[in-house]
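1. structure, please.
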Amino acid sequence: MAKDDVMMVYATASSRAEAMQIGRVLVEARLAACANVFDGMTAIYHWDGKLQEEDEAVLVLKTTAELLGGLTARLRELHSYDVPCIVSWKIETGDPPYLDWVKGELRKS
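-> Model prediction:
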């Protein structure tokens with residue numbers, strides 16, 4: 001994977017407020033070009049041996065492969081969960097002007 005490959009990062013947060021705070025910090029630090037927050041999600045999962053059901057917010061971030069490690073580490077520091085959901089994938093295709101904008105908004109090494 002090339003260091004300038006654009007990546008999408010999917011993460012969940014305990015609330016809209018937490019997702020907004022994390023997104024704001026990551027964009028201000030230029031680890032993410034953009035953060036989208038989707039509120040009103042419900043997570044159903046097992047934790048501590050019990051079935052859980054909790055309201056969450058989803059955070060979708062745009063970054064590059066080069067910055068993914070730093071973004072993930074900072075997101076983990078800011079997050080309230082013991083084991084936050086943080087997954088990413090490479091964008092295979094996209095509108096070139098948009099992908100160029102993403103790359104231009106990020107911190108340079």
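
2. and Asn36, what element?
-> Assigned by DSSP states H and E, Asn36 belongs to strand 34-47.

3. which secondary structure elements does that strand sit against?
-> helix 16-28, strand 50-64 (3 or more CB pairs under 8 Å, 6 or more residues apart in numbering; DSSP states H and E). From N, CA and C alone the C-beta is placed, and that goes for glycine too.

4. of all these, which one is nearest Glu77?
-> helix 16-28 (9.4 Å; CB to CB).

5. the strand holding Asn36 pairs with which strands, parallel or anti?
-> Applying DSSP bridges to the sheet, strand 34-47 is found paired with strand 50-64 (antiparallel).

6. could you point out which element follows the strand it pairs with?
-> helix 65-78.

7. quick one: buried residues of that following helix?
-> 66-68, 71-72, 74-75, 78 (16 or more other CB atoms under 10 Å).

8. avg pLDDT for the very next helix or strand once past that helix?
-> Sequence order places strand 86-90 as the next helix or strand after helix 65-78, per DSSP H and E. Summarised as a single mean, pLDDT over strand 86-90 is 98.

9. starting at the chain centroid, how far to whatever helix or strand comes next after strand 86-90?
-> Counting by DSSP H and E, the next helix or strand C-terminal to strand 86-90 is helix 96-105. Chain-centre distance of helix 96-105: 17 Å, with CA atoms, centre = their mean, to the nearest Å.
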